[in-house]
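Chemist: need the 3D shape of this:
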Amino acid sequence: MRRVTQAPSHYEVELRQDKRADAAWRAIKRMGPDGFMSALTFATLAAAQTYAKRMNRKETRIVAVERDGWRQTVDVDET
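Modeler: Presented below is the predicted three-dimensional model:
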């Protein structure tokens, strides 16, 4: 089965968990009104970039999440 590239459903900002090069990345989570933790999502790339700029840029990355769950890191130069 071939995977077809889709438009992203939303964007997430992830934080590096350790200073090492091979460190894991984790999505920033927020407490929702229902009391459950869920990933902080952004409808547009510009909104995710604005949020990431307020944080330490070297410790964050932006990920585009497609409707079927596929995740892809967004390049710094992408607009």
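Chemist: max-length strand in this protein?
Modeler: When the chain is parsed with DSSP state E, its longest strand is strand 8-16.
Chemist: now for it, which elements pack on it?
Modeler: Where contact means 3 or more Cβ pairs under 8 Å, 6 or more residues apart in numbering; DSSP states H and E, strand 8-16 is packed against strand 25-27, strand 41-42, helix 45-54, strand 60-66. To be clear about C-beta, it is placed using only N, CA and C from the backbone, and glycine gets the same treatment.
Chemist: which strands and helices sit next to the third one?
Modeler: Same thing as helix 45-54. Counting contacts by 3+ Cβ pairs under 8 Å, 6+ apart, helix 45-54 packs against strand 8-16, strand 60-66.
Chemist: including distance to residue 50, could those strands go into TSV?
Modeler: Shown next, in TSV, are the helices and strands packed on helix 45-54 (distance: least, Cβ to Cβ, whole Å):
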stretch	distance to residue 50
strand 8-16	10
strand 60-66	11
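Chemist: of all those, which lies closest to residue 49?
Modeler: For the helices and strands packed on helix 45-54, the distance to residue 49 is smallest for strand 60-66, at 6.6 Å, taking Cβ to Cβ.
Chemist: show me the contacts for the residue most central in space within the chain.
Modeler: By Cα atoms, centre = their mean, the mean C-alpha position of the chain lies nearest to residue 12, the distance being 2.4 Å. Residue 12 is in contact with 27, 28, 39, 40, 41, 42, 48, 62, 63, 65, counting by Cβ atoms under 8 Å, 6 or more residues apart in numbering.
Chemist: do residue 64 as well
Modeler: Counting by Cβ under 8 Å, 6+ apart, residue 64 touches 8, 11, 45, 71, 72, 73, 74.
Chemist: how much space between the closest residue to residue 42 other than its chain neighbours and residue 18?
Modeler: Once flanking residues are discounted, residue 42 sits nearest to residue 48: 4.1 Å by Cβ to Cβ, 6 or more residues apart in numbering. According to Cβ to Cβ, to the nearest Å, residue 48 and residue 18 sit 22 Å apart.
Chemist: those two: who's more crowded?
Modeler: Neighbour count, other Cβ atoms under 10 Å: between residue 48 and residue 18, residue 48 has more, with 23 against 9.
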